[in-house]
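1. Make a model of this:
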Amino acid sequence: MNNKQRQTLNAIFAIPVRSDIKWTSIESLFKALGAKVSQSKGARVRVSLNGVKAVFHEPHPENETDKGASKRVFSKCRYQP
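-> Residues are numbered from 1 along each chain as shown. The predicted structure is shown next:
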C-alpha cells in the first residue's frame, strides 16, 4: 500500500465522516488490499474483499463520494492488515 492509499484508508475511517474522498482513490485502495473490483451495470461497481461482497454506486458527475457512500465503504469492508 502506498502513501496515497494509506491516506485514503485514514479518510474512510475519519470521524466525522468525510464527503470529499475521490472514488478513484477508494477503488485504488480496494485493489491494493487485494479486492476484486469489477464494473457492473451502469455506475455500479462490484467489490469482493476478505469474503465480503458489496456493490457500490460510482458517483457521477462529480468524483467525490458523499457521506453515505463513505459510511457504506466503512461498514461493508473488513480490513485486516
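2. Can you get me a residue count around S40?
-> For S40, the tally of surrounding residues (other CB atoms under 10 Å) stands at 12. Glycine gets a C-beta too; all of them are placed from N, C-alpha and C.
3. surely it meets V55?
-> Yes: under the criterion of CB atoms under 8 Å, S40 makes contact with V55 at 6.5 Å.
4. overlap in contacts of those two?
-> Both S40 and V55 are contacted by R46, under the criterion CB atoms under 8 Å, 6 or more residues apart in numbering.
5. so who does the residue nearest to the spatial centre of the chain touch?
-> The residue lying closest to the centre of the chain (CA atoms, centre = their mean) is I26, at 3.7 Å. Going by CB under 8 Å, 6+ apart, I26 touches 8, 12, 65, 73.
6. Now do it, the pLDDT please.
-> The model reports I26 with a pLDDT of 89.
7. Where does it fall, secondary structure wise?
-> Using DSSP states H and E, I26 falls within helix 23-32.
8. I figured S70 was touching F13, is that so?
-> No: judged on CB under 8 Å, S70 makes no contact with F13 at a distance of 9.5 Å.
9. of those two, who's got more company?
-> A count of neighbours by other CB under 10 Å puts S70 above the other of S70 and F13, at 21 against 13.
10. Check the gap between the more buried one and K53 for me.
-> Distance, S70 to K53, using CB to CB, to the nearest Å: 19 Å.
11. With Q7 instead?
-> Q7 is 26 Å from K53, by CB to CB.
12. Please apply the same query to A32.
-> Relative to K53, and taking CB to CB, A32 is found at 18 Å.
13. So for those two, which sits in the more crowded spot?
-> Neighbour totals were compared for A32 and K53, and A32 leads with 15 against 11 (other CB under 10 Å).
14. follow-up on the earlier one: top of the contacts of I26 by number of neighbours, please.
-> Ranking the contacts of I26 using other CB under 10 Å puts T65 first, with 26 neighbours.
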